[in-house]
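Novice: Dropping the sequence and predicted coords here.
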Amino acid sequence: MSDNYSVSPEGEKYPLPKPEDYSLEFESLKKRAEEERAKGREIVVVMGVGFVGAVMAAIVADTTDKDGNPTKFVIGMQRPSERSFWKIPLLNKGISPVKAEDPEVEPMIKRCVLDKQTLIATFTYEVLSLADVVVVDVQCDYLKEDLGNVRTGRVDMEALESSLGVIAEYIPPSALVLIETTVAPGTTEQVAYPLIKKIFKKRGIKSEPLLAHSYERVMPGRDYVASIRDFWRVCAGVNDESREKVEKFLNEVLNTEKFPLTVMDKPIESETAKIVENSFRATLLAFMDEWSLFAERNGVDLIKVMKAIKVRPTHNNMIFPGPGIGGYCLPKDGGLGVWAYKHILGFEDDIFKLTPMAIDINDTRGLHAAQLTRDALRNMGLPIAAAEILVLGAAYREDVGDTRYSGSEVTIRKLAEMGAEIRVHDPYVQHWWEFENQDVFPGVGHSKARFFRNQEKLKDIRIEPDMNKALEGVGAVILAVRHEPYLELNPDDVVKAIGQPAAIIDCFGILDDDKIRRYIELGCEVKGLGRGHIKRIKDSVQKT
Ligand SMILES: NC(=O)c1ccc[n+]([C@@H]2O[C@H](COP(=O)([O-])OP(=O)(O)OC[C@H]3O[C@@H](n4cnc5c(N)ncnc54)[C@H](O)[C@@H]3O)[C@@H](O)[C@H]2O)c1
């Protein structure tokens, strides 16, 4: 990246705005907003057009009244950083800045930008002065300092705090600020409210800030749009007027008839709901880690055990953890809560046991997949050092292209530490930036590379799109994600493509017993997370 350009993931270069561009941009948007307001449309500024904000902006822009007339004009506001500015010109061409498997995303953004002309993107903060509603969708990260110890990390509120600062500088006092970012509980009332109030005071504004919180439950994947628009929402306001305004806004833009809103008394309750919701799921997943090891060591197939238990309706939300728990939310959200208890809410005692432990277990589960690979190769008389290993699946969950904090990353880093050579295939991922750009991604000094040795060569990892080419000659294949194409893989075809028997590691209950048996008959060594019964199948093959 140069000093003057922002480069999109597709490699297109967009010059960053110059100082003189700002006033021109604002004047034209001001005129545009006046025209839109004259049509009876509310002006909504969405701050941060990333994964969540880009799609939320389009959902709001798509809103119509009963007669099908648009009721909102949306300005997507994005800071013009080298890393993110490209999202603005892309959006203004009607192209989604986020890659989504949901076929609704691209046409909805195109429709709103080009046909309905209810969505536009900009880099100037001044548009905030035009807003009736500001929706905040910037990130709030949790920075971990160690692998497997969430407690030594901290919340990074820089983007959120600076966004709130500029919002307070520019908005009309009557505008509602709706924070959708997942925040540390207490943030809306104890950080955002005083910050806005202080700046309002400097501006001579006497009225109370109108501030609300409503968290996103968006799920990357095929139902991306529906997971925002057609899904239940929780919200709360800092005062009665904020509460009324946020209820009105969400009732207008979301499908709350089918998916009713839950309105809480206080923002800290809405904020806590998000953190507890995700910590609950992270804990369920972590709980299975110890039983997965138990199963491996005692001839038990945990996949069948869970299937047996899930027949009971009270227990049917059990989930098998795979090689780690990724995605943007589950690895960090509990950390936001634990950190807030001390640093925002001011308590010194330590009440948290399960929440941080669950995150630590989930963050290190990928290491075990690497160990199973080492063991399987050893059983075949092959050392892990210099072994060629193919990882099938870079994404954090099935049938999405989202690689954020995926379990496969930790597995690969551990394997590289042990000297293995890595190949990767994933039908949904074109670039694995966590490796390709590990010096700067997900931030300078934040790569998980720093928790392992021997990571330099992982920069050369490229996703091999041709599965047969990826398989050719490998010593081990790790089935890391339940992507649809991997469920169908036939052992005879796999071994033929490899050209020799190999170690096959099943991290996600992908192989049924017939496939396990067939791989063993073909001379492969099979191991799997939570799959202690494989030894039995091996013995029975050897007897026949
Ligand atoms: N992605 C998910 O799957 C998901 C699911 C549920 C909740 N969330 C929550 O939604 C929030 C946003 O997540 P995301 O995935 O969209 O993040 P993201 O990093 O994709 O997007 C954030 C955007 O905000 C922009 N930004 C940062 N500071 C800004 C500023 N001062 N002014 C204007 N723009 C600024 C960034 O450049 C970026 O484009 C987070 O709190 C996250 O926890 C995300």
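Specialist: Good, I have the coordinates.
Novice: and the residue of this structure nearest the ligand?
Specialist: As assessed by C-beta to the nearest ligand atom, the ligand sits closest to residue 50 within the chain, at 1.8 Å. Just so you know, the C-beta spots here come from the backbone N, C-alpha and C atoms, and that holds for glycine as well.
Novice: Setting the sequence-adjacent residues aside, check what's closest to residue 170.
Specialist: Nearest in space to residue 170, with sequence neighbours left out and distances taken as C-beta to C-beta, 6 or more residues apart in numbering, is residue 128 at 3.6 Å.
Novice: do residue 500 as well
Specialist: Excluding its sequence neighbours, the residue lying closest to residue 500 (C-beta to C-beta, 6+ apart) is residue 473, at 7.5 Å.
Novice: ok, now which ones touch that neighbour?
Specialist: 388, 498-500 (C-beta atoms under 8 Å, 6 or more residues apart in numbering).
Novice: So which of those sit within strands?
Specialist: In this view, the contacts of residue 473 that belong to strands under DSSP state E are residue 388.
Novice: so which of the contacts of residue 473 would you say is closest to residue 207?
Specialist: The nearest member of these to residue 207, counting by C-beta to C-beta, is residue 388 at 66.0 Å.
Novice: For the residue nearest to residue 500, what are phi and psi?
Specialist: Residue 473 adopts backbone torsions of phi 80, psi 10, taken as degrees, to the nearest 10.
Novice: ok, the closest residue to residue 148 other than its chain neighbours - contacts?
Specialist: Closest residue in space to residue 148, ignoring its immediate chain neighbours: residue 364 at 4.2 Å, by C-beta to C-beta, 6+ apart. Going by C-beta under 8 Å, 6+ apart, residue 364 touches 147-148, 324, 410.
Novice: In terms of helices and strands, where is residue 364?
Specialist: Per DSSP states H and E: residue 364 is located in helix 354-379.
Novice: hmm, stretch 269-284 touching the ligand?
Specialist: No - taking C-beta under 6 Å from any ligand atom as the criterion, stretch 269-284 and the ligand are apart, separated by no less than 7.7 Å.
Novice: Alpha carbons of that stretch, in CSV - could you do that?
Specialist: Provided in CSV are the C-alpha atoms of stretch 269-284 (Å, rounded to 0.1, in the frame of the first residue of the first chain):
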residue,chain,number,x,y,z
GLU,A,269,-28.9,-5.2,30.1
SER,A,270,-28.9,-5.3,26.3
GLU,A,271,-25.0,-5.2,26.3
THR,A,272,-24.9,-8.1,28.9
ALA,A,273,-27.5,-10.1,26.9
LYS,A,274,-25.1,-10.1,23.9
ILE,A,275,-22.1,-11.2,26.0
VAL,A,276,-24.0,-13.9,27.9
GLU,A,277,-25.5,-15.2,24.7
ASN,A,278,-22.1,-15.7,23.1
SER,A,279,-20.4,-16.9,26.3
PHE,A,280,-23.1,-19.5,26.7
ARG,A,281,-22.4,-20.9,23.3
ALA,A,282,-18.6,-20.7,23.8
THR,A,283,-19.0,-22.6,27.1
LEU,A,284,-21.1,-25.3,25.5
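Novice: which residues are in contact with that stretch?
Specialist: The contact list for stretch 269-284, computed with C-beta under 8 Å, 6+ apart, reads 182-188, 213-215, 217, 234-236, 264, 317-319, 325, 329-331, 333-334, 336-337, 354-355, 358-359, 362.
Novice: restrict these to those near the ligand?
Specialist: Within the contacts of stretch 269-284, those near the ligand by C-beta under 6 Å from any ligand atom are 182, 329.
Novice: Of the contacts of stretch 269-284, keep whichever come out buried.
Specialist: Among the contacts of stretch 269-284, those classed as buried by neighbour count (16 or more other C-beta atoms under 10 Å) are 182-188, 213-215, 234-236, 264, 325, 329-331, 333-334, 336-337, 355, 358-359, 362.
Novice: among those, which are in strands?
Specialist: Checking the buried ones among the contacts of stretch 269-284 against DSSP E, those in strands are 213, 234-236.
Novice: want to try a markdown table for those residues, with pLDDT as columns?
Specialist: Formatted as a markdown table, those follow (pLDDT from 0 to 100):
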| residue | pLDDT |
| --- | --- |
| 213 | 98 |
| 234 | 98 |
| 235 | 98 |
| 236 | 98 |
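Novice: what about the strands in the stretch 201-350 of the chain?
Specialist: For the stretch 201-350 of the chain, applying DSSP state E, counting those that start in this stretch gives strands covering 210-213, 233-237, 261-263.
Novice: List the buried residues for the top helix by length along the chain?
Specialist: If you go by DSSP state H, the chain has its longest helix at helix 267-297. By neighbour count on 16+ other C-beta under 10 Å, the buried set for helix 267-297 is 267-268, 270-275, 277-279, 281-283, 285-289, 292, 295-296.
Novice: could you point out which element follows the helix or strand hosting residue 45?
Specialist: According to DSSP H and E, residue 45 maps onto strand 42-47. Per DSSP H and E, strand 42-47 leads on to helix 51-61 as the next helix or strand towards the C-terminus.
Novice: Which residues does that following helix contact?
Specialist: Contact partners of helix 51-61, identified using C-beta under 8 Å, 6+ apart, comprise 44, 46-47, 49, 70, 72-74, 76, 78, 87, 91, 96-98, 100, 105, 108-109, 112, 116, 118-119, 121, 135, 137-138, 180, 216, 218, 220, 224-225, 228-229, 253-254, 328.
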